[in-house]
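Peer 1: test case, fold it:
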Amino acid sequence: MIKQNQITNKNSWALAFATLMMILFSLFVILYAFEKAKKHSETNPKTDTVQKEQQSQNRESRSEGAQNILRTQKMLETKVEIQDFLNKTLEQEQFIEKNDFELVTEDDGLIVRLILKNFFISGKAEIPFELQRPVQKLLQVVLKSNHFVKIQGYVDAVETQRNWQRGFELSFRRAQWLLNYWMSLTDQLDPLRVSLEGMAYANPLSSENSSWGYAQNRRVEIIFYDKKSY
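Peer 2: Alright, predicted model coming up:
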């Protein structure tokens with residue numbers, strides 16, 4: 001009986017010891033796994049790269065936003081500056097009657113838009129002799145300006161309805177004629193300050209339900225702008 005009790009006590013002690021060792025081993029495994037996961041998170045190059053990229057993108061986004069604000073502000077300041085210059089110079093030159101031109105603010109810059117009737121005869125790229133005085137006066141404005149100038153030519157719907165390519169060519173020739181005419185009057189105009197563009201039937205001013213409406217759309221527009229704003 002005593003021997004049996006000794007055996008039972010021995011088995012109980014062995015079972016308790018085994019249970020304790022199992023608990024300690026499990027705790028060790030858990031702590032080891034936790035520590036390894038922590039180190040992996042801290043030293044994972046991929047995680048660091050992603051975080052750095054996100055930080056870089058955030059900085060670039062803030063920088064781009066600030067640049068856009070400054071660019072917009074600069075463009076507005078430039079337009080005000082050009083508009084003041086044009087108003088003063090047009091007045092000094094006694095340009096033409098107020099109802100013969102418009103000064104228009106657009107995204108591209110400040111536009112001097114001549115709205116004389118029959119500025120261009122249909123199908124022609126030359127300005128009639130009797131209407132050339134206004135563009136002579138406008139040349140003086142261009143020469144006094146230090147801004148860049150773009151000459152845009154336009155056609156009416158009839159001139160382009162059957163052949164869009166012809167419409168672009170004719171509108172470009174109208175812009176080119178004006179530059180050539182200015183160059184024939186002076187050698188002080190820097191051609192590098194002037195660009196040409198044929199707009200065909202873009203941006204019509206009139207619905208063309210009359211001869212005056214067609215004539216309004218056959219035109220050239222002179223845009224004054226700061227190259228830094230482009």
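
Peer 1: what's stretch 173-189 in contact with?
Peer 2: Residues outside stretch 173-189 that contact it (CB atoms under 8 Å, 6 or more residues apart in numbering): 120, 125-127, 132, 135-136, 139, 142-143, 151-155, 191, 194, 196-198, 218, 220. Where C-beta positions appear, they are placed from N, C-alpha and C, glycine not excepted.

Peer 1: swap the cut-off to 10 Å and go again
Peer 2: 114, 119-120, 124-127, 132, 135-136, 138-140, 142-143, 149-155, 191, 194-199, 218-222 (CB atoms under 10 Å, 6 or more residues apart in numbering).

Peer 1: what residues of that stretch count as buried?
Peer 2: 173-175, 177-179, 182, 189 (16 or more other CB atoms under 10 Å).

Peer 1: hmm, back to that, narrow the contacts of stretch 173-189 to those in helices?
Peer 2: Mapping the contacts of stretch 173-189 onto helices (DSSP state H) picks out 135-136, 138-140, 142-143.

Peer 1: I'd like those residues as a markdown table, with neighbour count appended.
Peer 2: Shown next, in a markdown table, are those (neighbours: other CB atoms under 10 Å):
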| residue | neighbour count |
| --- | --- |
| Val135 | 21 |
| Gln136 | 13 |
| Leu138 | 23 |
| Leu139 | 20 |
| Gln140 | 16 |
| Val142 | 22 |
| Leu143 | 14 |
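
Peer 1: Serialize those residues to TSV and add fields for pLDDT.
Peer 2: Output for the ones in helices among the contacts of stretch 173-189, formatted as TSV (pLDDT from 0 to 100):
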residue	pLDDT
Val135	86
Gln136	85
Leu138	84
Leu139	88
Gln140	84
Val142	88
Leu143	88
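
Peer 1: so which of the buried residues of stretch 173-189 comes closest to Val80?
Peer 2: Leu189 (25.2 Å; CB to CB).

Peer 1: what values do phi and psi take at the closest one?
Peer 2: The phi/psi pair for Leu189 (degrees, to the nearest 10) reads phi -90, psi 120.

Peer 1: in this protein, which spans are helices?
Peer 2: So, for the chain - with DSSP H - the helices run 2-43, 45-92, 133-144, 157-160, 164-185, 211-217.

Peer 1: now the fifth one: mean pLDDT?
Peer 2: The one in question is helix 164-185. Throughout helix 164-185, pLDDT has a mean value of 94.

Peer 1: what do you get for the last one?
Peer 2: For helix 211-217, the per-residue pLDDT values average out at 84.

Peer 1: with the second one instead?
Peer 2: Averaged across helix 45-92, the pLDDT comes to 64.

Peer 1: rewinding a little: whichever of the contacts of stretch 173-189 end up buried, select them in ChimeraX.
Peer 2: Provided next is the ChimeraX selection string for whichever of the contacts of stretch 173-189 are buried by 16+ other CB under 10 Å:
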select :114,119,120,125,127,135,138,139,140,142,149,150,151,152,153,154,155,194,196,197,198,199,218,219,220,221,222
